[in-house]
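Asks: Sequence first, then the predicted structure, then my questions.
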Amino acid sequence: MVNATAFGMSGLVLPLFVWFVAIYQDYELNEAELKGIAAVEFTGFLTLFVMGLWHTIDNTFGGAVSLLFTAIPLLYGLLWLIAAIIHWYGADMKPLGIVALVQIPVQLLLIVGLFAVGAPISWGVVIDLLIYAPFTLGGFYLFTHGYMMPAAKRYTGWISLLATIATIHVMFVGSGIIGPILPGI
């Protein structure tokens, strides 16, 4: 049986890995490539949106914990929707970077919220969430704004790969397919 976490994370793996490949293959980012990337980013949005709704409707963890597990995927789902729209239309990517930058403190507050409500997650999942923010979101901001372009490009590529691995970890541990490697919080 598929649960919300496995479903959402399976869709999130795709755009993260495509960003890694696009950056390291030096895609030209012509119209066809941008639309292909946008389609993959849209799958990330769609699966994370369904995951957020699923956590709300199913109320898997009960009350505040389920709401936090709704907020986190919706936060990233909307980021991928913005990325998909920007890439589909070939628009300026700076708004995507600004949204990513704004999401850093929000994500950190949500992580604190998980501690505050005693969420039943392992330290490994907390580390995964910390990889997403500030590191991945910060990389998106640097890359979309052209700061330190070669270094930002390399950083964003590698952090996208690390976030892909973290997402696979969340998919397996968060869904209960395998047990946590680190103890719970």
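Replies: Nice, thanks for sending it over.
Asks: Give the burial count for residue 150, as a bare number.
Replies: Residue 150 is flanked by 7 other residues according to other C-beta atoms under 10 Å. (Each C-beta comes from the backbone N, C-alpha and C, glycine too.)
Asks: typo on my end, it should be residue 176
Replies: Each residue near residue 176 was counted by other C-beta under 10 Å, and the total is 11.
Asks: next one: the one 4 residues further on
Replies: For residue 180, the number of neighbouring residues by other C-beta under 10 Å comes to 17.
Asks: now this structure, which segments are flagged as low pLDDT?
Replies: Low-confidence regions of the chain, defined by pLDDT under 70, span residues 1-2, 27-28, 148, 182-185.
Asks: Report the separation between the spatially most central residue of it and residue 118.
Replies: Residue closest to the average C-alpha location in the chain (C-alpha atoms, centre = their mean): residue 76, at 5.0 Å. Separation of residue 76 from residue 118 (C-beta to C-beta, to the nearest Å) stands at 23 Å.
Asks: just residue 160 next, same as before
Replies: The separation that residue 160 has from residue 118, given C-beta to C-beta, amounts to 31 Å.
Asks: Tell me which of these two has more neighbours.
Replies: Just comparing residue 160 and residue 118: by other C-beta under 10 Å the higher neighbour count belongs to residue 160, 23 against 11.
Asks: Much appreciated, bye for now.
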